[in-house]
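**Student:** below are the sequence and a predicted model for it; my questions follow.
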Amino acid sequence: MGDFDARVKEYMSRNDRFADAFNFYLYGGKHVIKPDALRELDTSGIAIPYAPESGKPVQKYRDVFKSWKVMSDGRAIYALLGTELQKKVHYAMPVRNLLYDAINYSDQVKQAGQKNRRTAWNKSQRFSSAEFLSGFKKSDRLIPVITLTIFFGADEWDGPKTLHEMFGDEYEEFAEYLPDYRLNLLEPAGINPVDFEKFDSELGTVLEYIKYSKDEQKLESAISNNEKYRSVDRDTAGLIKEATGSELELKEEEGKVDMCQAINDMKRHSRMDGVREGKIEGKVEGKIEELVFLVKEGDISVVRAAGRLEITPEEFTEKYLKEE
């Protein structure tokens, strides 16, 4: 998992791919979020007050976290965008992401309070007692936080997608009073085949390959006549290999990889390995038949025959001499 974690975080840190993921999920592929409007944020700015194991504060890290600034009606509007990048299903993902978002909102309130109290100390503004108590003015506003979980697995996400799904059925009678949290989830299995063209970066290529990676026929059909697979970035090919666990041989030419050729090479080597294994298996079977014959004819002992196969005499007798 370590290699995948490092590779996928580096891959998604690029603004064009990060923007592409959110544009696909939020806007159906429209180029609303511009890569140059994104700014990297500190992913370590999430502190959980108490760790269950030690009772001490611990630091939690988002995978990738960026701020988005867009101008609307002559004024700047901000949003905070985070991604959680998963190779395997996380069955507590709604709670995990809820915690990230909640702590970030809490941090915004804290920062607003510090700013407001400094202003109050300078007596440049008047505050009501309620505003001074909370530190948050009636006119203050939070910056929205959107966390998108991107699943780099071929199977469907079979974990809960809402906080409510994590409660038992016995709580249904007062479920309406329980706040919910919905998981924003981008998963290859849930993407319509025609929608992969809505991606503007090679992130779409990665997710499409993963979607069909467990079905050789569908995978070949999806990429055989698709020119985009003829020349993909080295890091795209590397992420595909890491995410799918395939034996692809990635041959680079000027930083590009022909995935079609890589798949053909893998299939050819697989066939060769199969033939080689078949020959070896045939030789072993022939050797066993010969040894059984010699033992039955009394030409060699069971001990000697078993030694040639590197098994015990008891195993030889049980496997090859026992009457059916």
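**Tutor:** Received, thanks.
**Student:** for the stretch 151-300 of the chain, give me the ranges with low pLDDT.
**Tutor:** 265-286 (pLDDT under 70).
**Student:** just the strands in the stretch 101-250 of the chain please.
**Tutor:** Ranges of strands in the stretch 101-250 of the chain, per DSSP state E, counting those that start in this stretch, are 145-151, 184-186, 232-233.
**Student:** distance to residue 3 for the ones you listed - can I get that in CSV?
**Tutor:** Backbone N, C-alpha and C define where each C-beta goes, glycine included. Shown next, in CSV, are those (distance: least, Cβ to Cβ, whole Å):
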stretch, distance to residue 3
strand 145-151, 17
strand 184-186, 22
strand 232-233, 18
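**Student:** from residue 157, how far off is residue 184?
**Tutor:** 12 Å (Cβ to Cβ, to the nearest Å).
**Student:** residue 174 too?
**Tutor:** 28 Å.
**Student:** who's more crowded, residue 184 and residue 157?
**Tutor:** Comparing residue 184 with residue 157 by neighbour count (other Cβ atoms under 10 Å), the higher total belongs to residue 157, at 20 against 17.
**Student:** which one is the more buried one nearest to, not counting chain neighbours?
**Tutor:** residue 187 (5.0 Å; Cβ to Cβ, 6 or more residues apart in numbering).
**Student:** quick one: contacts for the one you found?
**Tutor:** Taking Cβ atoms under 8 Å, 6 or more residues apart in numbering, we find residue 187 in contact with 150, 151, 153, 156, 157.
**Student:** so how do I select the buried members of those residues in PyMOL?
**Tutor:** Remark: buried members of those, expressed as a PyMOL selection using 16 or more other Cβ atoms under 10 Å:
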select buried, resi 150+151+153+157
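**Student:** can you list the contacts of residue 187 in TSV and add distance to residue 320?
**Tutor:** Output for the contacts of residue 187, formatted as TSV (distance: Cβ to Cβ, whole Å):
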residue	distance to residue 320
150	54
151	49
153	44
156	46
157	49
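**Student:** and the contacts of residue 187, which is closest to residue 29?
**Tutor:** Among the contacts of residue 187, residue 150 lies closest to residue 29 (Cβ to Cβ), at 15.4 Å.
**Student:** show me what contacts that closest one?
**Tutor:** Applying Cβ under 8 Å, 6+ apart, we find residue 150 in contact with 12, 21, 83, 84, 85, 86, 186, 187.
**Student:** what about residue 219, neighbour count?
**Tutor:** Residue 219: 20 neighbours (other Cβ under 10 Å).
**Student:** same deal with residue 203?
**Tutor:** 24.
**Student:** list the buried residues for the helix or strand hosting residue 314?
**Tutor:** Here residue 314, judged by DSSP states H and E, is contained in helix 313-316. Neighbour-count burial for helix 313-316, counted by 16+ other Cβ under 10 Å, picks out residue 316.
**Student:** going forward, begin numbering at 45 instead of 1
**Tutor:** New numbering, starting at 45: the last item is helix 357-360.
**Student:** what is the mean pLDDT for that helix?
**Tutor:** Across helix 357-360, the average pLDDT comes to 82.
**Student:** how far does that helix sit from the chain's center?
**Tutor:** 48 Å (Cα atoms, centre = their mean, to the nearest Å).
**Student:** which strands and helices lie in contact with that helix?
**Tutor:** Counting contacts by 3 or more Cβ pairs under 8 Å, 6 or more residues apart in numbering; DSSP states H and E, helix 357-360 is packed against helix 346-352.
**Student:** put the alpha carbons of the helix or strand where residue 61 lies into PDB.
**Tutor:** Using DSSP H and E, residue 61 sits within helix 59-71. What follows is helix 59-71, C-alpha atoms only, in PDB (Å, rounded to 0.1, in the frame of the first residue of the first chain):
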ATOM      1  CA  ASN A  59      -3.700  20.900 -10.500                       C
ATOM      2  CA  ASP A  60      -4.900  19.700 -13.900                       C
ATOM      3  CA  ARG A  61      -5.800  16.200 -12.600                       C
ATOM      4  CA  PHE A  62      -7.200  17.500  -9.300                       C
ATOM      5  CA  ALA A  63      -9.400  20.000 -11.100                       C
ATOM      6  CA  ASP A  64     -10.400  17.300 -13.600                       C
ATOM      7  CA  ALA A  65     -11.700  15.100 -10.800                       C
ATOM      8  CA  PHE A  66     -13.900  17.800  -9.300                       C
ATOM      9  CA  ASN A  67     -15.100  19.100 -12.700                       C
ATOM     10  CA  PHE A  68     -16.200  15.600 -13.600                       C
ATOM     11  CA  TYR A  69     -17.900  14.900 -10.300                       C
ATOM     12  CA  LEU A  70     -19.500  18.400  -9.600                       C
ATOM     13  CA  TYR A  71     -20.000  19.700 -13.100                       C
END
